[in-house]
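Trainee: Next input, structure requested:
(one chain, ligands or ions: 2)
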Amino acid sequence: MGSMIIDGFVHQLPDTDPAETQEWRDSLDAVVGIQGKARARFLMSTLLDRARELQVGTPATVSTPYVNSIPAEEEPFFPGDEDIERRIRRLVRWNAAVMVVKANALADGIGGHLATFASSATLYEVGFNHFFHGKDDGLAGDHVYFQGHAAPGIYARAFLEGRLTADQLDRFRREVGGGGLSSYPHPRLMPDFWEYPTVSMGLGPLCSIYQARFNKYLHNRQIEDTSASRVWCFIGDGECDEPETLGSISLAARENLDNLTWVVNCNLQRLDGPVRGNGKIIQELEAVFRGAGWNVIKVVWGGKWDELLMRDVDGVLLNRMNETVDGEFQRYAVESGAYAREHFFGPDPRLRKLVEHLSDDDIRNLPRGGHDYRKLYAAYKAATEQPAGPTVILAKTIKGWTLGPDVEGRNATHQIKKMTTDQLRLLRERLHLQDEVPEDALGDDKEPPYISLAEGSPIREYMMERRRALDGSLPRRVVRTKRKLELPAKAAFEEMLAGSGKHAASTTTAFTRLLRNLCRDPEFGPRVVPIIPDEARTFGMDSLFKEFGIYASQGQRYEPVDHALLLSYKESQSGQILEEGITEAGSMASFIAAGTSFASHGVPMVPFFTFYSMFGWQRVGDLIWQATDARARGFLLGATAGRTTLLGEGLQHQDGHSLLLASVNPAIEAFDPAFAYEVGTLVRHGLRRMWLDDVDVIYYLTLYNENQPMPAMPDGADKGVIEGMYRWSEAPEGTTHHATILFSGSANLAAREAQAELAEHYDVGAELFSATSYKRLREQALSTERWNRLHPGEPARTPRVTEILAGEGPVIAVTDFIKAVPDQIARWLPTARSFTPLGTDGFGRSDTREALRRHFETDAAHVVVATLAALATAGEVKPEQVQDAITRYGLDPERSDPRLA
Ligand SMILES: Cc1ncc(C[n+]2csc(CCOP(=O)(O)OP(=O)(O)O)c2C)c(N)n1
Ligand SMILES: [Mg+2]
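Mentor: Ligands and ions are numbered 1, 2, ... in the order given. Reported below is the predicted structural model:
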């Protein structure tokens, strides 16, 4: 295929000198014929390299032979003390293994991972000793994303540095009661230690790209100089199968993220077995990354291979390396040297000869590049010195390296968490720790000891000196505000609170005006980060493009098609809006970078991520969970919310459940506001919660696109808006029967109409409550209930929602979401009151709002019928009156349940 395209490409051009062309072709034919294909390949790639240097513009090759990208002769001088650094590595390896083994001896089944860190210890140690920058002296330092299940190794190093105690290591995965260590990087659980959650495969890599891009954004907008911070992300080769891992790599190249380095730990295995038994993951990834425009540095072989490759004059070794699949390489990792001599080198006499001077043990110990410290140092140094673009280092390792034959390279290695005394003895030998771990310290009835370093010992001094030279230990999360956030003046909200008079507006357009006002605030404005995934026009937010600009690292290199219009498409290097294109996942990653900037840079930024409601929670729910783990603060806006308010779009678009999905996250405040003043009040309150009360919380607000005159805020309503429910309208006077109707969001229209109908035709006075947050009310009630349970004999406290709904008659709730949303409070109604939720259970479909509300039985007619039915059940009205309403509004009692339709 490839050659066909190249042929086609070449043949499009006129050949201006056919004789010369023929000479070049003949030369190549001659090389292949006489010296063979290997030599021809070498010459061709040399020519391509040279062509690249001369900027000839030849098409890029996406794959290179299965050898190190940096040849031995180009390796830089290694500036460290290799002996000491090897010893440090061994100590870290030992302590990491002991920590996991002890945890599982103390608490069977508590889990943990040995093999992942064992494969990546060298990848991390070279970073700790030479590259990762810390946060001393107020610096932001580097952002390092550690592979989640390599956490034991990171704890083990922190212990050696004196940052964690043996007691803490003993409490690995035992966090209840305090002082424990999280299974994985969780800032929510260890807020002074971990910065970046990574263990949901794929999310760390994705977030690291957007973190690097956000650093450029802060820099280009002249908010903060981030040029000294590099983003490092450690990734598993199996993890690369997650769409989130590779899905945004082209952005990193397009944005020229020279501040981003990825290290892929290619141990050729994932949890169940080989990543690519029948293929070669390193070659596959190289092609993908090169094709996407990344710098790729392969670290495949350790130094001892150099001599063999040097003598490989006819390329047989290279050929063998190229053709051997990963499944075989994994096999070589577990077999003896004799086996490799027979099967890897054996079939070809020239190859066999190449290693005849090596013993079986020598052959077995020919290491992989990812365990070779010097090779890695060379790769990291080259990565940090690339003049342009992001870099990925593909390092080949063995899973479980040094843990002995029962663990190394085995298919089950990922989940091994226990070691016998014999296995520990072997590890001790392998790591040359006979002095540090006395023979009698190990035994079946003994707890294996951690090794600590005495203050002042040469190894410890060296280790600490290295960290001091690199600005301090890490990982470390600190919240140290460098540039304080001034909250917006009240004026920014006044328009929202005043209402729209007779003019009809939606909560979406109202929010857009609020966002504009916030961006205009002289102090607060620059800290606002509006994030939109290609949906601004849907939400009327395109009006912000011209005024605030769309962030574009290259500025605008063209005159936009709509340049003559007042509101033209404006891209700018200092643009404020992150117009992410069609990627909710990428937008969420930007949200996390912006929402954690108060900690990662000491510069609070306030993200407002407005998305198509349906494509938020159910699509990127795990990233939202990640955001709350990362302690991000900010606002999520689910626009075009509601299963009937978004008319026309149908089943896949109409959101009737995001509020329920949001209800499960403890750091989310979820609101369903009906009016502009509620939106304004909630945003204002959210900002104060986050930045005055200092709470790591995210506000989720639904926004609707249905226009209606926006009322002014009733006096004193703000308290109820925030608490989750307040009386919006008294029952009409002079009526006999009483009822309460709760509405949220766009369902306010049905509730209000029903109120009038009930009074006019059925002598029912219904009071209306706006329910802004069932989640809040439920959580408050649960707390109260818990308090009562634990304080017997004391006067019981009443949940807030019970107090608010102290009236009489039935309670009907109407919502554009499913019934389970209002059901959240059902348990806490005063006992005498019945509860009927009306919601949009079932799949959405295309039609007018009117038709949809009739279909889902949430329109005014159904609110009236539900109210009368509840009154009839209580004996307040006659069943005939319910029938009267059914007839009056033309309802069909025999139609099937829309939930099942
Ligand atoms: C989204 C997600 N799915 C599944 C898992 C469970 N899991 C944890 S580690 C792992 C295998 C990882 O393999 P790899 O990325 O190659 O890392 P290695 O341990 O080999 O370095 C799996 C499936 C997870 N953490 N996240
Ligand atoms: Mg792996």
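Trainee: What residues does the residue in the stretch 551-700 of the chain positioned nearest to ligand 2 make contact with?
Mentor: Closest approach between the stretch 551-700 of the chain and ligand 2, counting by Cβ to the ion: residue 622, at 20.6 Å. All C-beta atoms are positioned from the backbone trio N, CA, C, and that covers glycine. Remark: with contacts taken as Cβ atoms under 8 Å, 6 or more residues apart in numbering, residue 622 is in contact with 200, 203.
Trainee: Check whether the helix or strand encompassing it comes near ligand 1.
Mentor: Under the criterion DSSP states H and E, the helix or strand holding residue 622 is helix 617-629. No. If you take Cβ under 6 Å from any ligand atom as the test, helix 617-629 misses ligand 1, and the best it gets is 7.3 Å.
Trainee: so residue 464 is in which element?
Mentor: Element membership for residue 464, per DSSP H and E: helix 458-469.
Trainee: Next SSE downstream of that helix?
Mentor: Counting by DSSP H and E, the element after helix 458-469 in chain order, helix or strand, is helix 491-498.
Trainee: which outside residues touch that following helix?
Mentor: 510, 513-514, 517-518, 520-521, 524, 676-677, 679-681, 683-684, 712-713.
Trainee: The residues you listed also near ligand 2: which ones?
Mentor: Cross-checking the contacts of helix 491-498 against ligand 2 (Cβ under 5 Å from the ion) gives no overlapping residues.
Trainee: ok and the residue in the stretch 801-901 of the chain nearest ligand 1?
Mentor: For the stretch 801-901 of the chain, the residue closest to ligand 1 is residue 820, as judged by Cβ to the nearest ligand atom, at 26.3 Å.
Trainee: Against ligand 2, how distant is that residue?
Mentor: As judged by Cβ to the ion, to the nearest Å, residue 820 and ligand 2 stand 40 Å apart.
Trainee: mind listing what that residue touches?
Mentor: Taking Cβ under 8 Å, 6+ apart as the definition of contact, the neighbours of residue 820 are 657, 660, 839, 841.
Trainee: Of the contacts of helix 491-498, keep whichever come out buried.
Mentor: 510, 513-514, 517-518, 521, 524, 676-677, 679-681, 683-684, 713 (16 or more other Cβ atoms under 10 Å).
Trainee: Give me the neighbour count for residue 21.
Mentor: Burial of residue 21 is recorded as 12 neighbouring residues (other Cβ atoms under 10 Å).
Trainee: Check the gap between it and ligand 1 for me.
Mentor: Relative to ligand 1, residue 21 is positioned 47 Å away (criterion: Cβ to the nearest ligand atom, to the nearest Å).
Trainee: what number of residues lie near the closest residue to ligand 1 within the chain?
Mentor: For the chain, the residue positioned closest to ligand 1 under Cβ to the nearest ligand atom is residue 236, at a distance of 1.9 Å. Residues lying near residue 236 (other Cβ under 10 Å) number 30.
Trainee: Same question for residue 668.
Mentor: Residues near residue 668, counting by other Cβ under 10 Å, number 21.
Trainee: got a list of what it touches?
Mentor: When contacts are counted by Cβ under 8 Å, 6+ apart, residue 668 touches 624, 628, 662, 697-700, 775.
Trainee: can you do 10 Å?
Mentor: Taking Cβ atoms under 10 Å, 6 or more residues apart in numbering as the criterion, residue 668 is in contact with 617, 624-625, 627-628, 636, 661-662, 697-700, 775.
Trainee: for ligand 2, what are the nearby residues on the protein?
Mentor: So far as Cβ under 5 Å from the ion goes, the chain lies against ligand 2 at 236-238, 267, 269.
Trainee: Show me the residues you listed that map onto strands.
Mentor: Among the residues of the chain next to ligand 2, the residues falling in strands (DSSP state E) are residue 236.
Trainee: ok, which stretches of the stretch 551-700 of the chain are helices?
Mentor: Ranges of helices within the stretch 551-700 of the chain are 584-595, 597-600, 617-629, 658-662, 676-691, based on DSSP state H, counting those that start in this stretch.
Trainee: Kindly reformat the ones you listed as a markdown table and extend each row with mean pLDDT.
Mentor: What follows is these, written out as a markdown table (pLDDT from 0 to 100):
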| stretch | mean pLDDT |
| --- | --- |
| helix 584-595 | 98 |
| helix 597-600 | 98 |
| helix 617-629 | 98 |
| helix 658-662 | 98 |
| helix 676-691 | 98 |
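Trainee: Let me know the angle separating the helix holding residue 622 from helix 584-595.
Mentor: Inter-element angle recorded for helix 617-629 and helix 584-595: 20 degrees (by axes from the mean of the first three to the mean of the last three Cα atoms, to 10 degrees).
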